[in-house]
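# just to be clear, the model below is a prediction. Sequence and coordinates:
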Amino acid sequence: MIGTAVGHGWGRLYAALMNLPERPMRWAQGHLPDGRLGWLFVGPNLAIFAVFTFLPILIDFYYAGTGGTNLLPTERPWVGTENFSSLLACKDYLDPNSCVRDQFWYAIWNTSEFVVLQVALMLFFSLATALVLNRKILGRGFFRAAFFYPVLLSPVVVALIWKWVLQRDGVLNAAMVGAGMQPVEWLLSARSAFGWTVFVSIWAHMGFYTLILLAGLQAIPADIYEAAAMDAAPPWRVFRRITLPLLMPSVLVVLVLGLIRAVQIFDEVYVLTGGGPGSATTYLVEFIYNTGFSAQVRQYGLAAAASLLLAGVLLVLTLIQLRGMRPTKGDPRG
Amino acid sequence: MGKLARMLTATRGRGRMDWTDWASYLYLALGTLLMLGPVLWLGLSSLKSPSGLIEFPPTLLPQEQVRVSVPNYPNPLPLYRITRGDHAGQSLAEVRKIGLQATMVDPAAPDTLIRVPVDDRSKVMRFHAAWGNYTDLLQKFDFGRYLWNSVFITTVATLLTLLLNSMAAFALSKYKFAGREPVFLLMLATLMIPPTIILVPNYLIAAVLGLTDNPWGVIWPAVATPTGVFLLRQYMLTLPDDLLEAARMDNASEWRIYWRIVLPLSKPALAVLAIFSVMWRWNEFLWPMVVLGRNEAFTLPLALNSFQGELTTQWNYLLAMTVVTLVPITVIFALLQRHITQGIASAGVK
């Protein structure tokens, strides 16, 4: 009895709450011209966008032109392009040690290497997995789910899973010793730590791209393959001449989305290696975070300037994506 | 037997397995092992005691040494199996160990002491799950608080996301008003502004609004998702306008039309967005780390990150905490696998 009474009370409260907008809405309908009603519904969402997305872009530019360590814009001295010029000041761009902001250039080169390697390998393995899953396979649903599962995990969880596997007394070293080899401190040497950040980020994200490619493969009409089978075309030629060209739009989506995300790699790597050893796995976003938030001296202006440079790269990638995707979408407004 | 073999080797399409089928299954089996193995390993490890965790090479299952009570001895004694010497094959309990010699006793004949070199024996182990790793979390650490912070942020942010995004989608799909197209394009444009490049100014805005160290500092910037507006708008475009007109004839207010007609009909799209939103908020890391500086405000991922820095020796708790963080997402995935994969494949978002 009590339970139902409480349930009833909650129901009433809920109904009352949800009817709250009823009166103002009636008033608005009576007093506002028809064309304005839409703004009432779109307003709250737009206001949040304005405060937490559009306004920050503008402030980013202001911060990038100011120095000091004070967070309040009114307390920050205007320094013009000094942040940009100090970031870009290098004797030799290939040698971070010759730069004023050596950490920034380490981050740039690390990120470049990471992006090329990670995206290429991830595209390869996503494509291979999608092709295999597109065959007539028993238990396809299970295998698809298995490859996709890590995508859902928190990056911190992903990093800790692999930290546990890779640690000194971990299961990987146990296997190495079992095979008669020496145990390795995987995350303490620069090249090996770099390699593992590439591997772990592929492990965590390839399921997502596999899914996109699989959807693309399944959208290829079966009668094209049947026609090819009639002509007794060899499998390799079927792949080259039919599958690959028709899959190209999906491959492009994967390529550009993968690039955009790889450039912004942070979470998993931050927990897995902390950017180390040294600065071997310090990538761009970690540089921004370190500069603006974790260093003793919080250089917001420098972080904002680096953010804008990153934004420029992402803008170029996005424009490539828009250009490449245009012919694949029927409705230009998407 | 022949029938079974044929069933196992039959492919769904053609008659028999050729080498490409074998290669496919081998690839998938290895891939599944690589994808799920480390997670299972984490789960098994989280049930090991601290002494089990430092064992090298590690055992697959969580184990502990068997202890037996022996008459004349107040505490249960650890049990060993003797591998060499006079007593080989016997199971003896250790009374004490001095240097390389152990004094042992047969539990069946507790009066005679037996001396055995420590190299001639091995521990008798049995399966034992250290659930204490999990129950201790609540007592020894402020784990309940982090769990609550995560649950609160995820729930409230998801409800607000559904409400605000569906309102905006309703206006953008069912009203014609001046500025509708620019507003929609503006919202789509925010898709291209990744949160990583507006960290610094967003921190300023959160500070000015008093949102730092406060769960609302994670919630408010996250609830107006362009993905959600886009997804819901596309779905609402497919709802017939006649329904709305009929309701207007019955003198329903616009709010009632939105709340009683459009929302219930949009349930499939709302469900997809709800799943996305739960995933995003539960797993979010960088922005919460920036805006939540105070330990008491931490979400689970932040707590995990700070523990892995502090408790390097207490892997048993860290592992248990990691498992608790991944379980809710795993359960949701197990229940809604089809919806999630289809939603992602169709929306192309994560």
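In hand now; what should we look at?

# low-scoring stretches of chain B, by residue?
Along chain B, segments meeting pLDDT under 70 span B:1-16, B:311-313, B:345-350.

# so who does B:Met125 touch?
By C-beta atoms under 8 Å, 6 or more residues apart in numbering or on different chains, B:Met125 lies in contact with B:Thr59, B:Gln63, B:Glu64, B:Gln65, B:Val66. For glycine as for every other residue, the C-beta is placed from the backbone atoms N, C-alpha and C.

# please repeat the previous calculation with a cut-off of 6 Å.
The contact partners of B:Met125, by C-beta atoms under 6 Å, 6 or more residues apart in numbering or on different chains, come to B:Gln63, B:Gln65.

# look up how far chain A lies from it.
Using C-beta to the nearest C-beta, to the nearest Å, B:Met125 is found at 17 Å from chain A.

# partner residues bridging that residue?
B:Gln65 (DSSP bridges).

# quick one: A:Cys90 from B:Thr190, how far?
The spacing between A:Cys90 and B:Thr190, counted by C-beta to C-beta, to the nearest Å, is 34 Å.

# now swap in B:Thr20 and tell me
45 Å.

# those two: which has the busier surroundings?
It is B:Thr190, of B:Thr20 and B:Thr190, that has more neighbours when counted by other C-beta atoms under 10 Å in any protein chain shown, with 18 against 12.

# quick check, the more buried one in contact with B:Pro226.
Yes: using C-beta atoms under 6 Å, B:Thr190 is in contact with B:Pro226, at 4.6 Å.

# please enumerate the shared neighbours of those two.
Common neighbours of B:Thr190 and B:Pro226 (C-beta under 6 Å, 6+ apart) do not exist.

# tell me how far B:Pro107 lies from chain A.
In terms of C-beta to the nearest C-beta, B:Pro107 sits 33 Å off from chain A.

# list the contacts of that residue.
For B:Pro107, the contact set (C-beta under 6 Å, 6+ apart) comprises B:Val68, B:Val70, B:Ala93.

# what about the helices in the stretch 151-300 of chain A?
All helices of the stretch 151-300 of chain A, identified by DSSP state H, counting those that start in this stretch, fall at A:155-166, A:171-178, A:190-218, A:222-230, A:235-238, A:244-263, A:267-272, A:284-289, A:300-325.

# ok, which of those helices comes nearest B:His339?
Judged by C-beta to C-beta, the one of the helices of the stretch 151-300 of chain A that comes nearest to B:His339 is helix A:190-218, at 12.9 Å.

# returning to what we had before: got the helices of the stretch 151-300 of chain A as TSV, with mean neighbour count columns?
Below are the helices of the stretch 151-300 of chain A laid out as TSV (neighbours: other C-beta atoms under 10 Å in any protein chain shown):
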stretch	mean neighbour count
helix A:155-166	25
helix A:171-178	16
helix A:190-218	21
helix A:222-230	11
helix A:235-238	11
helix A:244-263	19
helix A:267-272	25
helix A:284-289	25
helix A:300-325	19
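
# let's have those in JSON lines, adding distance to chain B and mean pLDDT.
Below are these laid out as JSON lines (distance: least, C-beta to the nearest C-beta, whole Å; pLDDT from 0 to 100):
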{"stretch": "helix A:155-166", "distance to chain B": "4", "mean pLDDT": "93"}
{"stretch": "helix A:171-178", "distance to chain B": "4", "mean pLDDT": "89"}
{"stretch": "helix A:190-218", "distance to chain B": "4", "mean pLDDT": "93"}
{"stretch": "helix A:222-230", "distance to chain B": "11", "mean pLDDT": "86"}
{"stretch": "helix A:235-238", "distance to chain B": "8", "mean pLDDT": "85"}
{"stretch": "helix A:244-263", "distance to chain B": "7", "mean pLDDT": "88"}
{"stretch": "helix A:267-272", "distance to chain B": "5", "mean pLDDT": "92"}
{"stretch": "helix A:284-289", "distance to chain B": "5", "mean pLDDT": "91"}
{"stretch": "helix A:300-325", "distance to chain B": "4", "mean pLDDT": "83"}
